[in-house]
Structure formats: C-alpha cells, structure tokens
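Q: Sequence and predicted structure below; questions after.
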There are 2 protein chains.
Amino acid sequence: MRSGSGPGAGRPQATSHAAIEAAAFALFDERGFDDTTVDDIATAAGIGRRTLFRYFPSKNDIPWGRFDDSLSGLRATLAAVPDDWPVLDAVHHAVMEFNRLDDTVVEQHRQRMTLLLTTPALQAHSVLRYTEWRHVIAEYAAGRYGLAPDDLLPRTIGHVSLALSLSAYEQWLREPDSRLTDLLSQTAPVLRSYVEGVAAPPRTATGRARRQRGSKGTTVRP
Amino acid sequence: MRSGSGPGAGRPQATSHAAIEAAAFALFDERGFDDTTVDDIATAAGIGRRTLFRYFPSKNDIPWGRFDDSLSGLRATLAAVPDDWPVLDAVHHAVMEFNRLDDTVVEQHRQRMTLLLTTPALQAHSVLRYTEWRHVIAEYAAGRYGLAPDDLLPRTIGHVSLALSLSAYEQWLREPDSRLTDLLSQTAPVLRSYVEGVAAPPRTATGRARRQRGSKGTTVRP
DNA sequence: CTTGTTTATGGCCCCGAGTGCCAATAAGGT
DNA sequence: ACCTTATTGGCACTCGGGGCCATAAACAAG
C-alpha cells in the first residue's frame, strides 16, 4: 500500500492501474478479450506477468478498473440523501448519480460496458461486482426501514435496483444515440406499469397497446 | 447422441449425467467445491477425466444438472397460460411452476442451491444460465405486448423476474423452515409496496415499522 | 467365427489463468 | 559504503479445458 503521497523508501512502482488498463483495452479492442493473453498485456505494458497480477487480481478484473472507489461514492451519495425522501426516490437518485458521465468519457464508458456485457467470461465475473453493489443498496434500504440488510425487503430492493440498471444499460448499448440517464429514468415507470398490471404503451410503431384486467386473485393482492 | 431408446451399435456409455453428478456432490459436500478437482470427480465416478468433459462442458456446469430441460418446461408453462391473464400474473404463475418441488427432493434442491448461491465461482457461472432463463421470460412478455424480446419492457420484465426469484431463493436458504413457494409469492407484493413508496411492515420482531410519506401517488396498504 | 461398422472411451500433450517462493533491483536514510 | 524497505519479475507448479487419436466394446453381416 502506498501511504497517500508519501514517497518513503523502497523500489518505485514500475507501472499503474491506469497504464495497464490502457494497454489492455488497446489489445482487447484489437483482438478481443479471449484472444488476448495476460502475457500479451504484461508485455504491452512493459512489465512482468507476475507484476500484473499484483495490480489486478485477475484478468477479468482489468475491465472493471477501480470499481471500489465508485462504490464508496455510491455509499456517500446515499448517506447524503435526506431521510424524508421515499426510499425508492433515494435509490433512484443514487443510481443516477452513480452513472453520471462526463461527456468526454461517455464513448470510453460505452466501450467498457460493451466489453463487460457482451463477453461471456466477463458477464460471469461481473456478478461478484454486482453483489457488492447490491449490498450497498440493501444496506441503505435496511437502515431506512429498520431491518437487517439480508432481510427480504432490503435484499429485494437491491436485486430489483440492479435489474433495472442492467436493463437500462443493455438498452443503452443497443441504441447508439440514446442517453443512459434517460433509460435509467425510464425503467422505474416501466416497472411500475408492469407491477400494476397495465401494459405500457409501446413506443415503437408496431406495438399494439393491450389492456389487462386483473382477476387472478390467488396470490398477488393483499 | 443416443437416439431415443434405440441401442443401435457402438460402445455403450460408461456412465451417465446422474452418476457423475452424484459422485461430484458427494465430494463437494465432503471437501467443498473449490477443493475438489475434476480428476477427483472423474476418479470417483470411475471414468477418465476426458470423458467427464464430454458429459459436462465444464466443472461449473455439474451442479446445474440438466437445466435445459427445465427451461423447456418453463416455456411450455408460459405457452399454456390463457391470453387474458395479466402478464404479471402469467409470469408469476410460471415462476411458481418452475420452482415447484416434490417434497422428497426439497432437501436435495436446497443443497444444490446452497452450493450454487454461495460458491463464488458458481455464482459467476450461473449468470450464463440466468441469461437463458431471462430470455424465456422476455420472449413471452414480448409476445404478449407485441414487442421485440430485446425491447426495454420485455427485457426489464426478464431482469426483474429473475431479481425477485433470486431474492426469494436467498431468503429461502437463510431460513431453514421456510417454504420456497411462500417466499416467491411474497416478493411480488414486496416489490409493489416498494414501488408505491410505502414501507412494508417488518415481519421480524426487532424491526420498528417506519412509515414513509407517500408523496409518490396511490397508497395500497390498509 | 471372422470381419467390418459404429460409437464412446480415455490417454497424451498442449495452452492459459493464477499462486507461492525468492533472488534481484532500486530507491531513501544513516 | 551500508542498511532498510518495498517492488519487481523469473521459475516452477496446479488446475481447468480442448484437440488429437488409438483403442475398447457393442452390433450386424459374411
């Protein structure tokens, strides 16, 4: 651990997370993730293979960059939300903040997320990251409701929040001209209309709006 | 491919999916998933390591068993739902059917799901299975709404349905005496109350019920 | 009984990810 | 010059996974 900016003693670091990440993304873009070996990345970054694994615990972690820091930001955003906001609004606000992008990095972020969401090995690995993310949401919800983070309600809120975010992200990647924040804002109403048993009016020209009558009665209604 | 029950010619199979699965679970139970090598499983099943990989594409696939067949069942259940049911109810019904368990296998299923949901390597790998599952749900919803499966609404329904199921499963594993179907039925109302901005009354003794100001619209709880 | 044909088996060898170990390196301080 | 400290990176190893291919074990036809 480098202690802040203190130089201290010892051999200086030969590289950085950012440098490795840049070298890796160049190769991923050129040959794809699976056809790029860790040796390739290490060589491109001018370091030894063994050193690379001290910066990133696995090849799969490289595309995620410094995700831990983002999580701290998410936690901080939630903590700053006034207590009288509905939990749904608080979470939605935090998700929007979490995914706010500077215009200059939006294409870079799109490339990163494309990699993460289309490469099977990365899709799989990402779950571990999502779990931490969900836990932050669940902890906040638990605090607001006076429950434990692994009670059913907070846990469900974590899962559903992630579901909505992923849904928005996938849609964002599909539509080159869309804006991520727009899609994130859309998922909540979409969910609400679904839960209330009413078909959302399709935004595409081909869709026919069909109205549902709720009469099943065995389970859902209190 | 064995063609139905026709014996035909050729060397008979030395084992079966079920036999490998049984041998594997015994070892997983004894030493844990990570400390069991593929060689161990093959030896225990009395086959060669190379043969094992012809029955299961990867070590991670062994705990999932024959999941494809279950997916066909899910598809069939959805297809059999009358068209005038609300989509939410149809999906909920299909999810319940999908997770219906014979009393004799409930403990076995619990063991399997514990393995799948607590082993990091399996948590990660399971995403690929979940994707197929979500796709079945999204396809159905798309058909009902007259949309494409990768439009925002069907995709979101797939994600949210999975989120609710996983939430129920995790809770089920935490509470030894709970019933999976009960929990699956609970997640939908939990989601509804959350979306409508009203705190669900905590069911645990320690929780203090905290009511949110419902600035967001209609209240449904008594 | 012998000779094909068919199909599954499993050994051999390879690759890539990831880890433990440890000597070498490059700083700062005394 | 010498010590302390921290990072580097090479070597060897394990494990998951896949390509290749000779071989075993069934059945059918001669």
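A: In hand now; what should we look at? Residues are numbered from 1 along each chain as shown, chains lettered A, B, ... in the order given.
Q: can you count the residues close to A:Thr15?
A: Here the number of neighbours of A:Thr15 (other Cβ atoms under 10 Å in any protein chain shown) works out to 17. In short, each C-beta sits where N, CA and C put it, glycine included.
Q: Make sure A:Gln123 is actually in contact with A:Thr114.
A: No - counting by Cβ atoms under 8 Å, A:Thr114 is not a contact partner of A:Gln123; they are 11.6 Å apart.
Q: And those two? Which one has more around it.
A: Legend: neighbour count by other Cβ under 10 Å for A:Gln123 and A:Thr114, higher for A:Gln123 (16 against 13).
Q: List the contacts of the more buried one.
A: Applying Cβ atoms under 8 Å, 6 or more residues apart in numbering or on different chains to A:Gln123 gives the contacts A:116-117, B:127-128, B:131.
Q: which among those are in contact with DNA strand C?
A: Here nothing survives when these are matched to DNA strand C using Cβ under 7 Å from any atom of the strand.
Q: Just checking the helix or strand containing A:Phe25 against DNA strand D, any contact.
A: Element membership of A:Phe25 [criterion: DSSP states H and E] is helix A:17-31. No - counting by Cβ under 7 Å from any atom of the strand, DNA strand D has no neighbours in helix A:17-31; the shortest distance is 9.9 Å.
Q: Other residues contacting that helix?
A: With Cβ under 8 Å, 6+ apart as the contact definition, helix A:17-31 has outside contacts at A:36, A:40-41, A:44-45, A:47, A:52, A:55-56, A:62-63, A:65-66, A:111-112, A:115.
Q: and it, does that touch DNA strand C?
A: No - between helix A:17-31 and DNA strand C, judged by Cβ under 7 Å from any atom of the strand, nothing touches; the nearest distance is 10.6 Å.
Q: Would you mark the buried spots in that helix?
A: Burial within helix A:17-31, assessed by neighbour count using 16 or more other Cβ atoms under 10 Å in any protein chain shown, is assigned to A:19-21, A:23-25, A:27-28.
Q: would you list these in a markdown table and tack on pLDDT and distance to B:Pro86?
A: Supplementary listing: these in a markdown table, determined by pLDDT from 0 to 100; distance: Cβ to Cβ, whole Å:
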| residue | pLDDT | distance to B:Pro86 |
| --- | --- | --- |
| A:Ala19 | 98 | 54 |
| A:Ile20 | 98 | 51 |
| A:Glu21 | 97 | 47 |
| A:Ala23 | 98 | 52 |
| A:Ala24 | 98 | 47 |
| A:Phe25 | 98 | 45 |
| A:Leu27 | 98 | 49 |
| A:Phe28 | 98 | 44 |
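Q: got the contact list for A:Val195?
A: Here A:Val195 is in contact with B:88, B:188, B:191-192, B:195 (criterion: Cβ under 8 Å, 6+ apart).
Q: go on, A:Leu183?
A: With contacts defined as Cβ under 8 Å, 6+ apart, A:Leu183 is in contact with A:168-169, A:171-172, B:152.
Q: Most neighbours among those residues, please name it.
A: The residue in the contacts of A:Leu183 with the most neighbours, by other Cβ under 10 Å, is A:Ala168 (27 neighbours).
Q: Now the closest residue to it other than its chain neighbours: which helix or strand?
A: With Cβ to Cβ, 6 or more residues apart in numbering or on different chains as the measure, A:Leu183 is the residue that lies nearest to A:Ala168, at 4.0 Å, once sequence neighbours are left out. A:Leu183 is located in helix A:180-195, with elements delineated by DSSP H and E.
Q: That helix: which residues count as buried?
A: By neighbour count, with 16+ other Cβ under 10 Å as the criterion, the buried positions of helix A:180-195 are A:180, A:183-184, A:186-188, A:190-192, A:194-195.
Q: Dump these into TSV; add pLDDT and distance to A:Gly10 as well.
A: Converted to TSV, the buried residues of helix A:180-195 look like this (pLDDT from 0 to 100; distance: Cβ to Cβ, whole Å):
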residue	pLDDT	distance to A:Gly10
A:Leu180	96	42
A:Leu183	96	47
A:Leu184	96	44
A:Gln186	93	51
A:Thr187	91	48
A:Ala188	88	50
A:Val190	88	54
A:Leu191	88	52
A:Arg192	88	56
A:Tyr194	86	57
A:Val195	84	57
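Q: and DNA strand D, which of those residues contact it?
A: On the criterion Cβ under 7 Å from any atom of the strand, none of the entries of these sits beside DNA strand D.
Q: what's the closest of those to A:Asp83?
A: Minimum separation from A:Asp83 among the buried residues of helix A:180-195 (Cβ to Cβ) is found for A:Ala188, which lies at 20.7 Å.
Q: circling back: could you dump the contacts of A:Gln123 into TSV with neighbour count, secondary structure and distance to A:Tyr140 added?
A: Below are the contacts of A:Gln123 laid out as TSV (neighbours: other Cβ atoms under 10 Å in any protein chain shown; DSSP: H, G, I helix; E, B strand; the rest coil; distance: Cβ to Cβ, whole Å):
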residue	neighbour count	secondary structure	distance to A:Tyr140
A:Leu116	19	helix	24
A:Leu117	15	helix	25
B:Val127	17	helix	24
B:Leu128	15	helix	30
B:Thr131	14	helix	28
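Q: now, among those residues, which is nearest to DNA strand D?
A: Closest approach to DNA strand D among those (Cβ to the nearest atom of the strand): B:Leu128, at 11.3 Å.
Q: In contact with the closest one, which residues?
A: With contact set as Cβ under 8 Å, 6+ apart, B:Leu128 has these partners: A:120, A:123-124.
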